[in-house]
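S.K.: sequence plus the predicted model coming up.
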Amino acid sequence: MGAVLTAPFWATAWPGGQALARYLLDHPLTVAGRRVLDVASGSGLVAIAAGLAGAAAVTANDVDPYALAAITLNARANGVAVTPCPGDLLDGDGGDAEVVLAGDVFYSEAIAKRMWPFLHRAAVRGALVLLGDPGRGYLPADQLTTVASYPAAATDAPMEPQISSISVLQPR
């Protein structure tokens with residue numbers, strides 16, 4: 001119809017996911033030998049980084065079937081085993097995952113209202129929970145501790161000029 005279509009959410013390497021993936025690659029002992037769940041995985045960037053860092057098992061969850069297809073292809077291209085997991089897991093607590101990862105999941109109020117309780121339940125049951133976020137408006141910053149911070153890439157500036165740094169955070 002001549003209209004420009006935006007890429008689906010899963011097709012973009014969001015800054016929070018990039019920072020979380022960088023953190024895992026820089027600190028592989030965070031996930032090495034552990035069961036990992038990457039929630040709202042998108043293209044699988046964070047899940048793939050967990051696999052490359054030596055996770056024992058990686059599950060990548062998303063509600064979009066196209067994202068799950070992308071995760072499968074991207075994991076294969078990177079030579080790591082990632083199990084795609086369809087559906088909405090946010091009423092649970094991450095199951096048996098020892099590490100729960102979430103990159104850039106506080107972009108809307110509706111998602112944040114469901115995501116934070118899920119992540120909190122995972123942390124309470126003993127999972128290591130790590131988030132990547134550039135300081136979005138719905139991030140519960142007062143309930144998180146910064147583990148690492150990275151400068152925003154120059155390529156992020158045109159899309160999101162207000163972002164100057166991206167943090168990896170953990171629930172208190």
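M.R.: Received it, and whenever you're ready, just let me know what you need.
S.K.: double-check Gly17 against Val46; I have them as touching.
M.R.: Yes - the criterion here is Cβ atoms under 8 Å, and Gly17 meets it with Val46 at 5.2 Å. Quick note: C-beta positions are derived from backbone N, CA and C, even for glycine.
S.K.: neighbour count winner among the two?
M.R.: Legend: neighbour count by other Cβ atoms under 10 Å for Gly17 and Val46, higher for Val46 (33 against 28).
S.K.: and the helix or strand containing Ser167, which residues are buried?
M.R.: Counting by DSSP states H and E, the element that carries Ser167 is strand 165-171. Going by neighbour count (16 or more other Cβ atoms under 10 Å), the buried part of strand 165-171 is Ile166, Ser167, Val168, Leu169, Pro171.
S.K.: tell me where the model's unsure across the chain.
M.R.: Low-confidence segments of the chain (pLDDT under 70): 1, 154-161.
S.K.: where do the strands of it begin and end?
M.R.: In order along the chain, the chain carries the following strands (DSSP state E): 35-38, 57-62, 83-86, 99-103, 128-133, 144-151, 165-171.
S.K.: out of these, which is closest to Leu73?
M.R.: Nearest of those to Leu73, taken as Cβ to Cβ: strand 83-86 at 10.3 Å.
S.K.: please enumerate the helices of the chain.
M.R.: Applying DSSP state H to the chain gives helices spanning 15-26, 45-52, 65-77, 109-124.
S.K.: mind giving me the packing neighbours of the longest one?
M.R.: Going back to what we said before, that points to helix 109-124. Under the contact criterion of 3 or more Cβ pairs under 8 Å, 6 or more residues apart in numbering; DSSP states H and E, helix 109-124 touches strand 99-103, strand 128-133, strand 165-171.
S.K.: nearest to Ala53 among the buried residues of strand 165-171?
M.R.: Scanning the buried residues of strand 165-171 for proximity to Ala53, where the rule is Cβ to Cβ, the winner is Val168, at 13.4 Å.
S.K.: thank you kindly, that will do.
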